[in-house]
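Trainee: I would like the atomic coordinates for the input below:
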Amino acid sequence: MVSVQKRDGENSSALIFRFTKKVRRSGLLQEVRKRRFKDRPVTRRERKSSAIFKAEKKEEMARLKKLGLL
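Mentor: The predicted structure is shown next:
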């Protein structure tokens, strides 16, 4: 939990600035945004098909580069 106490003679805009800076440094917003949506775990089948697709694309790009088309 991030908390900020108002200092003597400090205006509200400076207080808000200090608070937002503390929140950014704490990484709280990034954590909340990361947890906002739950990702389904990737199945073994999806990982395998993705790896096959990437390997085929890599071979195709290498072939095109060798032919000078890329």
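Trainee: ok, residue 24 - contacts?
Mentor: Not one residue lies near residue 24 by Cβ atoms under 8 Å, 6 or more residues apart in numbering. C-beta coordinates here come from the backbone N, C-alpha and C atoms, glycine included.
Trainee: Can you mark which positions in the host helix or strand of it are buried?
Mentor: Here residue 24 sits within helix 12-26, counting by DSSP states H and E. For helix 12-26, the neighbour count (16 or more other Cβ atoms under 10 Å) marks no residue as buried.
Trainee: Please export the C-alpha coordinates of the helix or strand that it is followed by as PDB.
Mentor: Using DSSP H and E, the helix or strand that follows helix 12-26 in sequence is helix 28-35. Extracted as PDB, the C-alpha positions of helix 28-35 are listed here (Å, rounded to 0.1, in the frame of the first residue of the first chain):
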ATOM      1  CA  LEU A  28       1.700  -1.400  -8.400                       C
ATOM      2  CA  LEU A  29       0.000  -0.300 -11.600                       C
ATOM      3  CA  GLN A  30       2.000  -2.700 -13.800                       C
ATOM      4  CA  GLU A  31       1.000  -5.600 -11.400                       C
ATOM      5  CA  VAL A  32      -2.700  -4.600 -11.600                       C
ATOM      6  CA  ARG A  33      -2.700  -4.400 -15.300                       C
ATOM      7  CA  LYS A  34      -0.900  -7.700 -15.600                       C
ATOM      8  CA  ARG A  35      -3.500  -9.400 -13.400                       C
END
